[in-house]
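> have a look at this prediction, sequence included:
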Amino acid sequence: MDEIRSYHYDPAEFEAYKQWALEEAVPFLKANLNIIGFWVDAGIPAEVSGKSPSAMELGSANITWIIRWDSKEARDEGHKTVFGGAGWQDIWSRHPNADGYLQLEARFANEI
C-alpha cells in the first residue's frame, strides 16, 4: 500500500521550504521510510482537463511524495515512530515556516 501525500505550501515561502526539504527533510525521510519519490513543483502550470474540470481554490499541490507501507496499521505506527522521534523533531525545529502548509492530503493506493 502506498501513501500519497500532497501539500499546498505557501508560494511565498516555497523556495525556503525546498531548500529545507532538500538539505534536511528528504535525506532523513529516505533513511527512515520507504520513500518511493519526493517531488516539488517545477514552475510549469498544471494541465487540467477532462469532462468536468474545475478551478481549484489553491491550485494544484506543489509538493507530492509517496511512502510504501505494508498496511495502514504499519503506516499509523510508522508515523508515530518516525515523526514522533527525536531525529525528526530536531529537523522540524529548523523548518522555515511550519505554518506554511495551506492544505495537506494523504491518499492511499494499491499498486496494480
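Great, that's in hand. Numbers count the residues shown, from 1 in each chain.
> can you show me the strands along the chain?
2-9, 35-40, 63-68, 101-109 (DSSP state E).
> could you dump stretch 79-89 to CSV, C-alpha only?
Extracted in CSV, the C-alpha atoms of stretch 79-89 (Å, rounded to 0.1, in the frame of the first residue of the first chain):
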residue,chain,number,x,y,z
HIS,A,79,4.2,7.8,11.6
LYS,A,80,4.2,7.7,15.4
THR,A,81,7.7,6.2,15.5
VAL,A,82,9.4,8.4,12.8
PHE,A,83,7.6,11.7,13.2
GLY,A,84,7.5,11.4,17.0
GLY,A,85,11.2,10.7,17.3
ALA,A,86,14.0,13.0,18.4
GLY,A,87,15.6,12.9,14.9
TRP,A,88,12.6,14.3,13.1
GLN,A,89,11.8,16.8,15.9
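> just give me how far that stretch sits from the chain centre.
In terms of Cα atoms, centre = their mean, to the nearest Å, the gap separating the centre of stretch 79-89 from the centre of its chain is 15 Å.
> also stretch 74-83?
15 Å.
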